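In: Sharing a model that was predicted from the sequence below.
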Amino acid sequence: MAGFKRADIITAVNNDKENYSIEVNCPDGGRTCEVKDAAAYSRLRNKINSALDAANLTLQVKRADNKLFEKAMSYNNSYVINPIYKDTIYLNSNNNVGYLALSSFEEIGSNNQNQKNIDAAFAQYEAKQIKSLIVDLRYNGGGYVDAAIYVADKIGGAKTKGKLMLTYEMNKYMQSDAAKNLRDQLNMHDTYFDGLSTLNLNKVYFLVSEETASAAEMLVNVLTPHLPVQIIATESRTYGKPVGFFEQKVRDKVSYWPASFILKNSRGNLGEKYNKELNPVCVIIGTV
């Protein structure tokens with residue numbers, strides 16, 4: 001984003017002289033941490049959120065080499081999030097390997113920009129006839145289920161066409177006749193692979209972390225019954241959120257988002273490989 005890099009440390013917002021360091025207490029070796037001064041943390045958080053909501057923002061950060069970098073930015077209402085922060089192909093004799101890093105699953109449909117970006121990435125993979133694909137979901141907290149379904153169908157390609165991808169387990173109201181129109185509107189029915197690419201992959205590697213959640217976990221889960229899947233993790237598990245929800249309004253005044261369905265793969269599992277102790281093939285440290 002605007003020249004900023006992962007691991008940059010914010011040192012100033014809009015040229016202020018604030019100290020953005022917050023002391024934390026981690027009594028169990030870092031598994032859980034609490035801020036020592038909750039009031040200071042809340043004040044700084046509110047200040048940063050207010051700055052992000054403004055039309056203009058200037059950030060100063062300190063780099064890993066201790067050099068300072070500053071950038072002024074303007075907000076554009078037409079900005080569209082591109083969740084692909086890296087896609088490339090590693091050429092190898094008889095086994096070209098694709099790499100796809102996704103930060104989230106943004107809305108896909110009607111050939112919008114997100115769909116075009118996904119299509120363009122997979123068109124390259126098809127052209128080079130990749131045999132393996134690395135999908136980096138370490139910083140992916142989820143997003144639109146339909147978008148994750150689209151990506152799963154692209155990855156599955158020829159091998160999964162026509163096979164059951166996922167099913168929905170719904171709460172009592174969502175199963176009732178009263179909710180039929182809502183189920184149809186949200187397309188909450190058994191979903192099958194359409195074969196949206198010509199890929200014929202021998203292996204799919206998922207890079208995951210404890211931040212990998214929801215639709216990102218679903219992507220791993222729905223492909224596991226159909227393709228050789230290998231998980232490479234930064235920790236011992238992913239977040240563990242196989243449930244979904246959507247906005248419901250009360251008299252157009254109050255919105256709430258209750259958990260309304262569970263996503264299961266073709267084996268009826270809601271997380272057979274990803275949100276328990278993973279026993280990954282290896283543990284990775286650092287960034288890509």
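Out: Thanks, I have the structure now. Quick caveat: nothing in here was measured; it's all calculated off a predicted structure. Numbers count the residues shown, from 1 in each chain.

In: Contacts for stretch 241-248, please.
Out: By Cβ atoms under 8 Å, 6 or more residues apart in numbering, the residues outside stretch 241-248 that reach it are 142, 145, 186, 213-214, 217-218, 221, 255-264, 270-271, 275. Placement of C-beta: from N, CA and C, glycine included.

In: Just those residues: which are in helices?
Out: In this view, the contacts of stretch 241-248 that belong to helices under DSSP state H are 145, 217, 218, 221.

In: Nearest spatial neighbour of residue 250, chain-adjacent residues omitted?
Out: Of all residues not flanking residue 250 in the chain, residue 256 sits nearest, at 7.3 Å (Cβ to Cβ, 6 or more residues apart in numbering).

In: Quick one: the helices in the stretch 1-150 of the chain, in order.
Out: 38-53, 113-127, 145-160 (DSSP state H, counting those that start in this stretch).

In: contacting residues for residue 191?
Out: 149, 164, 165, 166, 167.

In: Show me what it is bridged to.
Out: On the basis of DSSP bridges, residue 191 is bridged to residue 166.

In: ok so, going back, Throw the ones in helices among the contacts of stretch 241-248 into a markdown table and include pLDDT, neighbour count and distance to residue 87, thanks.
Out: As requested, the ones in helices among the contacts of stretch 241-248 are exported to a markdown table (pLDDT from 0 to 100; neighbours: other Cβ atoms under 10 Å; distance: Cβ to Cβ, whole Å):
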| residue | pLDDT | neighbour count | distance to residue 87 |
| --- | --- | --- | --- |
| 145 | 93 | 23 | 22 |
| 217 | 94 | 28 | 21 |
| 218 | 95 | 27 | 20 |
| 221 | 94 | 27 | 22 |
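
In: Output those residues as JSON lines; include the columns distance to residue 198.
Out: Output for those, formatted as JSON lines (distance: Cβ to Cβ, whole Å):
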{"residue": "145", "distance to residue 198": "24"}
{"residue": "217", "distance to residue 198": "27"}
{"residue": "218", "distance to residue 198": "24"}
{"residue": "221", "distance to residue 198": "24"}
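
In: And those residues, which is closest to residue 101?
Out: Checking these against residue 101 by Cβ to Cβ gives residue 217 as the nearest, at 16.4 Å.

In: Wait, that closest one touches residue 271, no?
Out: Yes. Using Cβ atoms under 8 Å, residue 217 is in contact with residue 271, at 6.3 Å.

In: who touches both of those two?
Out: 240, 242.

In: so where's the stretch 1-150 of the chain uncertain?
Out: Across the stretch 1-150 of the chain, the ranges flagged by pLDDT under 70 are 1-2, 29-31, 76-79.

In: meant to ask about the stretch 151-288 of the chain, not that
Out: 272-288.

In: which residues are contacting stretch 88-100?
Out: So stretch 88-100 is contacted by 84, 86-87, 121, 124-125, 128-136, 202 (Cβ under 8 Å, 6+ apart).

In: Having no further points to raise, I will conclude here.
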